[in-house]
Every structure is written in C-alpha cells, then in structure tokens.
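K.L.:
Starting from these lines, generate the structure:
(chains A and B)
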Amino acid sequence: MKNRLKVLRAERDWTQADLANKLEVSRQTINSIEKDKYDPSLPLAFKAARLFQQSIESIFLDNEA
Amino acid sequence: MNKLTASTSEKAKGMKSLIFVMSTFIWIAMMVFIDKGILYGWFASDMQINLLIAFDTILGIVVIFMFLNLLKSMDELQRKIQFDALAFSMGTTFVASITYSLLTTAQIVRDSETSDLILIMTFCYMASVIYGQVKYR
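P.N.:
Residues are numbered from 1 along each chain as shown, chains lettered A, B, ... in the order given. I've put the predicted structure just below:
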C-alpha cells in the first residue's frame, strides 16, 4: 500500500522522530511505513488521519484501486 | 513536553527489556546450575534440589509474564517482528522435534536431548528477530 506520509511530514517540517512521537510509535515504524515495507493497523491509520486532518484514503492509497 | 514523554517511555521500555534479559539469563544459569549440580552431586539433600527446582520454575513463570508485559509495551511493528520470530521458532522446533523423534526411533540418533531442541528454538528466535530488525530498519 502506497502512502503520502513522507510528503505530509515534509510539508510540516517534521522529522521521522517527531512524527513517531506524535503517533506514539517507534521511528522504525514510521520509516517502514514511509518505505512501503509495512502497512499500519487501522487504529494507527486513523490516528495519522486525525493528526494530518485528512481522510485515510487521501493518505493511504490502495494499490488495487 | 511530548518529546519528554516519549523519551521517558523509551527509557522505561529499555529498562523493561534489560530486566527481562537479565531475568532470562538468571533463569537459564540457574537451570544449568541445578542440572550440573544433580549430575555431579553438589547438593546435600533432595529437599535442597526440590526447593531449587521449585524456585527456578517460579522464576520461569515470572519470565513468561515479563515477556508478555514487554510485548504490550511495544508498538505494532515491533510486536509483529516478535510474533513472526515466535511463529518461525515454534514451527522450526515442531518440525525438528518430529524429525528428532523419528531419528531416535530409527536408532540413528541414540541419546535424545531436550536441550538440543531448546537450542534450535533459541537460535531460530534470535535469528528471526535480527532478520525482522534488519528488514524493517
């Protein structure tokens, strides 16, 4: 699953560690999500959507859509 | 403030991991000590042996709960790495124990040792955790 996490983070001038702190996960998790190595759980995706004030679908893009 | 909270949480997690590793080490060291003690007659009475075995078993149970507690404190990716490692090590040990049992029945292997299986399980678990950490680095 592709995502726009890196772009949204860069727009706010946040580091991976900043975003990790805000989402209460490890920096390793943010890095893996940004590199499309790991798909976040639904609660984490909702948390990211709330943080960026966007819908989940606009942050996480379905490959098969 | 948020950074401070996260840093404190990381420190607490690190401390939990350290205590878990130390407890596991003490548990294994004690198990080896009891095993060798019985083998070489280091203990004065059966009562002493029974008490040590009981203490080691209780410590083992405490280690299980510490591991569960450690899993709860991890985030979802770290937990996935741990679960993948546990699944891999359990599957490998299961297959190895059946193969070992067949080899013993066929008398190709004479003395079957449970410690060999524990060694395989430990190696597979550690290798899988390292693989997960490298993969999701």
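
K.L.:
Which residues are in contact with the nearest residue to A:S55 once chain neighbours are set aside?
P.N.:
Using C-beta to C-beta, 6 or more residues apart in numbering or on different chains and skipping the chain neighbours, the partner closest in space to A:S55 is A:A49 (6.1 Å). All C-beta atoms are positioned from the backbone trio N, CA, C, and that covers glycine. When contacts are counted by C-beta atoms under 8 Å, 6 or more residues apart in numbering or on different chains, A:A49 is found next to A:S55, A:I56, A:I59.

K.L.:
And the first one, how close does it get to A:R4?
P.N.:
With distances taken as C-beta to C-beta, to the nearest Å, A:S55 is found 11 Å from A:R4.

K.L.:
Look at the two and report which has more neighbours.
P.N.:
Legend: neighbour count by other C-beta atoms under 10 Å in any protein chain shown for A:S55 and A:R4, higher for A:R4 (17 against 9).

K.L.:
For the more buried one, which non-adjacent residue is spatially closest?
P.N.:
That would be A:I59: by C-beta to C-beta, 6+ apart, it lies 5.4 Å from A:R4.

K.L.:
cool, and B:L52?
P.N.:
Residue nearest to B:L52 in three dimensions, not counting chain neighbours: B:I34, with 5.2 Å by C-beta to C-beta, 6+ apart.

K.L.:
same thing with A:T15?
P.N.:
Distances taken as C-beta to C-beta, 6+ apart place A:R9 nearest to A:T15, at 7.9 Å, with adjacent residues excluded.

K.L.:
you'd agree B:I53 is in a strand?
P.N.:
No: secondary structure of B:I53 (DSSP: H, G, I helix; E, B strand; the rest coil): helix, not part of a strand.

K.L.:
show me what contacts it?
P.N.:
Contacts for B:I53 (C-beta under 8 Å, 6+ apart) come out as B:I34.

K.L.:
Could you rerun that using 10 Å?
P.N.:
If you count contacts by C-beta atoms under 10 Å, 6 or more residues apart in numbering or on different chains, B:I53 has them with B:M30, B:M31, B:I34, B:I38.
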